[in-house]
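Participant: Just to be clear, the model below is a prediction. Sequence and coordinates:
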Amino acid sequence: AIEAPVNLLDFLSVAKGSLEEGIILEFFEFPLKVIFSEKTLLVKNTIKNNTCINSNHWGIYLQSSDTCLLTYNLIQNSAEHGIYLNANSYDNVVHHNTFASNNLGGNSQGYDAGTNNIWFDTITLEGNWWSDWAGVSSYPLDGEANNNDPFPDGPIVISEFSAGIHLIFLLSVSSVVVVTLSIITKNRLKNY
């Protein structure tokens with residue numbers, strides 16, 4: 001079963017079903033809570049601006065749910081973790097989601113206390129996009145599962161050294177092009 005805010009969806013049972021493309025949840029206490037469910041798909045949804053003062057709120061919360069697939073969702077500005085998998089949630093797959101500015105001030109935008117949850121696509125070996133990923137190694141998740149996203153994606157970081165090398169290469173190529181064009185122009189002028 002999936003719980004959503006009373007003023008949006010009073011109650012929607014999606015166990016062994018799917019909720020795909022089009023649900024946009026903004027400014028609610030608990031945008032999406034999946035409880036006691038299995039084989040549930042949450043695909044291409046937008047969950048953003050879930051910020052409540054002095055309370056704990058997540059973008060997507062899985063409670064006692066297994067074998068769910070959460071992919072291609074935008075989870076943005078939640079006060080707590082973007083996705084929270086509780087201790088009784090297992091064998092879930094989470095990949096190709098965009099996590100933007102969730103759990104600010106915390107250590108991670110994802111939380112996993114369950115077992116055998118996978119935070120990447122096992123076929124493409126691609127994980128999730130994390131706005132706070134440092135660009136080094138895997139993306140660590142909070143929670144007792146001590147899990148991580150081994151194939152994260154995030155902001156591209158170009159070091160000063162790398163930028164300097166690119167600039168030198170660009171200037172070198174530009175110089176070669178200018179010299180080559182000068183020689184061609186001189187040769188053409190000689191032939192006339």
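Facilitator: In hand now; what should we look at? Numbers count the residues shown, from 1 in each chain.
Participant: so what are the domain limits for the protein?
Facilitator: 1-156, 158-192 (automatic domain parsing).
Participant: Pick out the shakiest of the ones you listed, pLDDT-wise.
Facilitator: Across these, domain 158-192 has the smallest mean pLDDT, namely a mean of 62.
Participant: can you map out the helices along this protein?
Facilitator: Using DSSP state H, the helices of the chain run over residues 160-191.
Participant: and Ile183, how many residues sit next to it?
Facilitator: 10 (other C-beta atoms under 10 Å). C-beta here means a position set from N, CA and C on the backbone, and glycine is covered the same way.
Participant: Please name the residues that touch it.
Facilitator: For Ile183, the contact set (C-beta atoms under 8 Å, 6 or more residues apart in numbering) is empty.
Participant: what about stretch 126-139, start to end distance?
Facilitator: By C-alpha to C-alpha, to the nearest Å, the extent of stretch 126-139 from end to end equals 12 Å.
Participant: What residues sit buried inside that stretch?
Facilitator: 127-130, 132-133, 139 (16 or more other C-beta atoms under 10 Å).
Participant: for stretch 87-96, same thing?
Facilitator: For stretch 87-96, using 16+ other C-beta under 10 Å, the buried residues are 89-90, 92-96.
Participant: how about it as CSV, C-alpha atoms only?
Facilitator: Provided in CSV are the C-alpha atoms of stretch 87-96 (Å, rounded to 0.1, in the frame of the first residue of the first chain):
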residue,chain,number,x,y,z
ALA,A,87,14.9,-2.4,8.8
ASN,A,88,12.1,-4.6,7.6
SER,A,89,12.5,-3.6,3.9
TYR,A,90,14.6,-6.0,1.9
ASP,A,91,15.6,-7.0,-1.7
ASN,A,92,14.7,-3.5,-3.1
VAL,A,93,16.4,-1.9,-6.0
VAL,A,94,17.1,1.8,-6.2
HIS,A,95,18.8,3.3,-9.2
HIS,A,96,18.8,6.2,-11.8
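Participant: Need the residues that contact it.
Facilitator: So stretch 87-96 is contacted by 62-72, 83, 85, 110, 113-122, 126-129, 144 (C-beta under 8 Å, 6+ apart).
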